[in-house]
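S.K.: let me see the structure of the following:
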Amino acid sequence: MRIIRGALAATAATLTALTLSAAPASADIAPPQPFYADSTSSFDTCPHGSTKGTLLWRTPGPVAPFAVDVSGEVVDRPIVASSTPGCAPDDYSSTAIFTAYSGSAVVGSKTVTVDNGVKRFQFTLGGTSTTTSVLTRLTVQVCRNPVHTLPPSYCGTTVTYLG
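M.R.: Have a look, this model is predicted:
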């Protein structure tokens, strides 16, 4: 009887180990992290341009993330429903700039531009769960560029989010 119980226990342990080792590895996703940046500077106290949304860092377990899902919107004032004082039409568009880094190396970037309106976006920066580089940070900045004339352009403060 002891031999049968021992054999059953060994079989169950072997099946459990095989099941766990055969399970596909999947990336964990950290809780959503809100982000915000705008074009506030000495040239723009309104601010005319802003971006906000959420970051979802993709992590393979307890190690650093390999990618980040970015979703949100970029706004350029004035918009039709806006009554923000001081945000009069100015012939500038707003561009949100997202840059992902692994250490000091840029591993991806994306820009989203809108003029006098709201533009929604969703994209992923970084690699896949099989890539060896990890994301250490993501920077977000809103810049304003003339629509009909040559620069000068200007940008708000760069905001950094750690992976």
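
S.K.: dig out what the residue nearest the centre of the chain forms beta bridges with.
M.R.: Taking C-alpha atoms, centre = their mean, the centroid of the chain lies closest to residue 70, which sits 3.3 Å from it. Applying DSSP bridges to residue 70 gives these bridge partners: residue 55, residue 123.

S.K.: tell me who's in contact with it.
M.R.: Taking C-beta atoms under 8 Å, 6 or more residues apart in numbering, we find residue 70 in contact with 35, 53, 54, 55, 98, 110, 121, 122, 123, 124, 125, 138. Using the backbone N, CA and C atoms, a C-beta is placed for each residue, glycine as well.

S.K.: helices of this protein, start to end?
M.R.: 2-22 (DSSP state H).

S.K.: could you list the low-pLDDT ranges of it?
M.R.: Within the chain, the segments meeting pLDDT under 70 span 1-29, 80-86, 129-132.

S.K.: change it to 50
M.R.: Low-confidence segments of the chain, defined by pLDDT under 50: 1, 4-26.

S.K.: what's the spacing between residue 158 and residue 90?
M.R.: Shown here: residue 158 relative to residue 90, a distance of 22 Å by C-beta to C-beta, to the nearest Å.

S.K.: pretty sure residue 126 sits against residue 69.
M.R.: No. Residue 126 lies out of contact with residue 69 (C-beta atoms under 8 Å); the separation is 9.2 Å.

S.K.: these two: which has the busier surroundings?
M.R.: Shown here are residue 126 and residue 69; by other C-beta atoms under 10 Å, residue 126 has more neighbours (22 against 16).

S.K.: dump the residue contacts of that one.
M.R.: By C-beta under 8 Å, 6+ apart, residue 126 lies in contact with 58, 65, 66, 67, 68, 100, 107, 108, 133, 135.

S.K.: dump these to JSON lines, plus neighbour count.
M.R.: Below are the contacts of residue 126 laid out as JSON lines (neighbours: other C-beta atoms under 10 Å):
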{"residue": "58", "neighbour count": "20"}
{"residue": "65", "neighbour count": "23"}
{"residue": "66", "neighbour count": "23"}
{"residue": "67", "neighbour count": "24"}
{"residue": "68", "neighbour count": "26"}
{"residue": "100", "neighbour count": "26"}
{"residue": "107", "neighbour count": "19"}
{"residue": "108", "neighbour count": "18"}
{"residue": "133", "neighbour count": "15"}
{"residue": "135", "neighbour count": "26"}
